[in-house]
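# Model the structure of this input:
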Amino acid sequence: MDLFVEEPPGVEICGTFVVGEASMELSIDLDLASEQLLLSEQVAYGSFDRVLDVEINEFTLYHHDEVITTAHVHARYARGIAADYIKSCSRNDPNLNECALKSARESLEQFARGDTSRKLPPLDPLYVSEMTVYIPNENGLKLVFKDNYFHGLSDMKLEKLKFDLNKKVIYTNAVVNLDVHNKYDLSGKLMIVPITSNGDSSIKLKNTVLQISLWYEHVTGPDGKIHWKIINHDIKYNIEKAVFRLENLLGDKAIGDQVNLLLNELWREIVADVGPSVCNSLIEAVVETLGVLLAQVPYDELMPE
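Reported below is the predicted structural model:
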């Protein structure tokens, strides 16, 4: 490709190259001192749906008819769904739900860990800034868990996935074990003794059953094609067992063991306090990430006839 520029060397320039019927505009920073062409931005046009990466190694650049440098531009691009870990299913398939469940199981780990090529943020770990519980009530201990990182969503087991294409609803059931790493601040009274402590902590949520419903609508995307858009959601949960551990409680092992014992005796009450906020954070993160994906993949390619 030949690119002619009027700007003086050493500044950002723009050019366009064509592959088949598609073209890509490149914003390039030309650094003659180091003889490098640095790609700073890429935008797809024409039949490009998504650019995976661009490699520059041979490319003829002119400035006022003078050859400045030579490099070659190679682009890998994808059309439509393009991600090999996502398998489409026909919406007319009588076994649509079975096909979708198999596809979702195969793609879940990659989806939860994020996909930079699609700008999908990772969901594993899931971050929740703060959770507060009172033990056994506000007159007792106040326990604040901070900087909570929930690990395990990438290993979640999908049990059911059902599509109601007429009502535009998706139902799914899943089971997951979550390990939470966080910090704690503890204050209040244990019996009649005032205590204050902070440090590292952990929570294990064993066999957490999630029941999720997603309502969607059909919208026309910037590409002129029909896409799904999530408009409402609901989540219900049930936890088989929760195990709490606070480290370095007042530097006193006897008190620490007593407080940890109390926490684990009252795990159901604690989960009832923090469960709704955790599940809300979970479903909002999933919906946001899923929304990014659905905005990129048309309905006819995600679920063709």
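# can you count the residues close to D200?
Neighbourhood size, D200 [other C-beta atoms under 10 Å]: 12. For the C-beta atoms, the positions are set from N, CA and C on the backbone; glycine is no exception.
# For it, give the beta-bridge partners.
Note on D200: beta-bridge partners by DSSP bridges are K183.
# isn't it right next to K183, touching?
Yes - under the criterion of C-beta atoms under 8 Å, D200 makes contact with K183 at 6.3 Å.
# how about stretch 95-114: buried residues?
By 16 or more other C-beta atoms under 10 Å, the buried positions in stretch 95-114 come out as L96, N97, C99, A100, L101, S103, A104, S107, L108, F111, A112, G114.
# residues contacting Y237?
T208, V209, L210, Q211, G275, C279 (C-beta atoms under 8 Å, 6 or more residues apart in numbering).
# Nearest to L261 among the buried residues of stretch 95-114?
Nearest to L261, judged by C-beta to C-beta, of the buried residues of stretch 95-114 is A112 at 33.9 Å.
# Report the contact partners of that closest one.
Counting by C-beta under 8 Å, 6+ apart, A112 has contacts P122, L123, D124, L153, S154, M156.
# Was I right to think the fifth one contacts P125?
Read that as S154. No - in this structure, S154 is not within contact of P125 by C-beta under 8 Å, at 9.3 Å.
# Just the buried subset of the contacts of Y237, written out for PyMOL, thanks.
The PyMOL selection below is limited to those of the contacts of Y237 classed as buried (16+ other C-beta under 10 Å):
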select buried, resi 208+210+275+279
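# how far out from the middle of the chain is the top helix by length along the chain?
Longest helix in the chain, counting residues (DSSP state H): helix 267-296. The chain centre lies 11 Å from the centre of helix 267-296; the measure is C-alpha atoms, centre = their mean, to the nearest Å.
# Beyond that helix, next helix or strand please.
As assigned by DSSP states H and E, the chain's next helix or strand after helix 267-296 is helix 299-302.
# what packs against that following helix?
Applying 3 or more C-beta pairs under 8 Å, 6 or more residues apart in numbering; DSSP states H and E, we find helix 299-302 packed against strand 226-246.
# and the strand it packs on, how far out from the chain's middle?
Distance of strand 226-246 from its chain centroid, counting by C-alpha atoms, centre = their mean, is 14 Å.
# in it, what counts as buried?
Neighbour-count burial for strand 226-246, with 16+ other C-beta under 10 Å as criterion, is recorded at H227, W228, I230, H233, I235, Y237, I239, A242, F244, L246.
# Tell me the spacing between the fifth one and R118.
As judged by C-beta to C-beta, to the nearest Å, I235 and R118 stand 24 Å apart.
# Kindly report the same for I270.
Where R118 is concerned, I270 sits at a distance of 37 Å (C-beta to C-beta).
# Pretty sure H233 sits against L210.
No - applying C-beta under 8 Å as the test, H233 and L210 come out as separate, 11.8 Å apart.
# Excluding chain neighbours, what is closest to Y184?
Excluding its sequence neighbours, the residue lying closest to Y184 (C-beta to C-beta, 6 or more residues apart in numbering) is S201, at 4.1 Å.
# residues contacting that neighbour?
Taking C-beta under 8 Å, 6+ apart as the test, what S201 contacts is F145, N182, K183, Y184, F244, R245, L246, E247.
# for stretch 117-129, how far is the first residue from the last?
Length of stretch 117-129, first residue to last, C-alpha to C-alpha, to the nearest Å: 27 Å.
# Report the distance from that stretch to the chain centre.
On C-alpha atoms, centre = their mean, the centre of stretch 117-129 falls 3 Å from the chain's centre.
# can you check stretch 107-121 too?
For stretch 107-121, the distance to the chain centre is 6 Å (C-alpha atoms, centre = their mean).
# how close does D300 sit to I135?
For D300, the distance to I135 - C-beta to C-beta - is 53 Å.
# can you map out the strands along this protein?
Secondary structure of the chain (DSSP state E): strands at 2-5, 12-19, 22-31, 36-44, 50-56, 60-63, 66-69, 73-78, 126-135, 141-151, 157-164, 169-190, 193-220, 226-246.
# re earlier: got the contacts of Y237 as TSV, with distance to T196 columns?
Shown next, in TSV, are those (distance: C-beta to C-beta, whole Å):
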residue	distance to T196
T208	31
V209	36
L210	35
Q211	39
G275	26
C279	30
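# Show me which pair in the contacts of Y237 is furthest apart.
Q211 and G275 (13.1 Å).
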